[in-house]
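Student: how would this look folded up:
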Amino acid sequence: MNIFILANEAAAESPLSFKLLPAISTVVVFTIALGTFMFVVWPKITQALDARDEKILSEIRAAEAAQAKAKAAQSEFEKRLEEARAAADDMIRKARSEADRQADELRARSQRELDDMRLRATQELESAKRTALAEIHAVAATLATSVAGKILKREIQPSDQKRLVDESLSEMTSR
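Tutor: Coordinates of the predicted model:
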């Protein structure tokens, strides 16, 4: 029942009635709360938001710097890769040219050796031919002398033999 009495009393007062003490206390509490928020809480919130913004900005700058560094490293890598490719191409070109030079040198040396072998073979053949012809002439002269001696029934002197051989050779060469 007490509740009903209090409710009745509160209802009896008009909502438009103004009481000075509650109004002043409300303004003072609001001003204190506003001052506390403005000078204590809000600067801390602002400081925290500024620190957060600065942290985000520094992370963005760091990410941009890292990205620029990565691009620089990538371009340096690509440059070095291109240099390595050029060096490899140059080495291959030099190796091919050296191989061609050595092959040409080997061919030239082989050709010289072949020409020398042909010359020696030709000289040996000529020497063997001269030796064989000399032996044939000697055998032919001896045979001719022997035949002539038998025909003439006398012995031919070495000077006669030489003259006969020379005559025979000149007759053979003139034919």
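Student: May I see the buried residues of the strand or helix carrying S168?
Tutor: Taking DSSP states H and E as the criterion, S168 maps to helix 158-174. Judged by neighbour count using 16 or more other C-beta atoms under 10 Å, the buried positions of helix 158-174 are Q161, V165. From N, CA and C alone the C-beta is placed, and that goes for glycine too.
Student: from the middle of its chain, how far away would it be?
Tutor: Distance, stretch centre to chain centre, for helix 158-174: 80 Å (C-alpha atoms, centre = their mean, to the nearest Å).
Student: Output the contacting helices and strands for it.
Tutor: helix 42-152 (3 or more C-beta pairs under 8 Å, 6 or more residues apart in numbering; DSSP states H and E).
Student: The helix it packs on vs helix 158-174, what angle?
Tutor: 120 degrees (axes from the mean of the first three to the mean of the last three C-alpha atoms, to 10 degrees).
Student: by contact count, what packs against helix 42-152?
Tutor: helix 158-174.
Student: now the helix it packs on: mean pLDDT?
Tutor: For helix 158-174, the mean per-residue pLDDT is 73.
Student: Can you dump the C-alpha atoms of that helix in CSV for me?
Tutor: Taking Å, rounded to 0.1, in the frame of the first residue of the first chain, the C-alpha atoms of helix 158-174 are listed here in CSV:
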residue,chain,number,x,y,z
PRO,A,158,134.6,-52.5,-117.8
SER,A,159,135.1,-49.4,-119.9
ASP,A,160,133.5,-51.1,-122.8
GLN,A,161,130.7,-52.2,-120.5
LYS,A,162,130.1,-48.6,-119.3
ARG,A,163,130.0,-47.3,-122.9
LEU,A,164,127.6,-50.0,-124.0
VAL,A,165,125.3,-49.3,-121.0
ASP,A,166,125.3,-45.5,-121.7
GLU,A,167,124.5,-46.2,-125.4
SER,A,168,121.7,-48.5,-124.4
LEU,A,169,120.2,-46.1,-121.9
SER,A,170,120.3,-43.2,-124.4
GLU,A,171,118.5,-45.4,-127.0
MET,A,172,115.9,-46.3,-124.4
THR,A,173,115.3,-42.7,-123.3
SER,A,174,115.0,-41.5,-126.9
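Student: Low-confidence ranges, this structure, go.
Tutor: Within the chain, the segments meeting pLDDT under 70 span 1-16, 139-156, 173-175.
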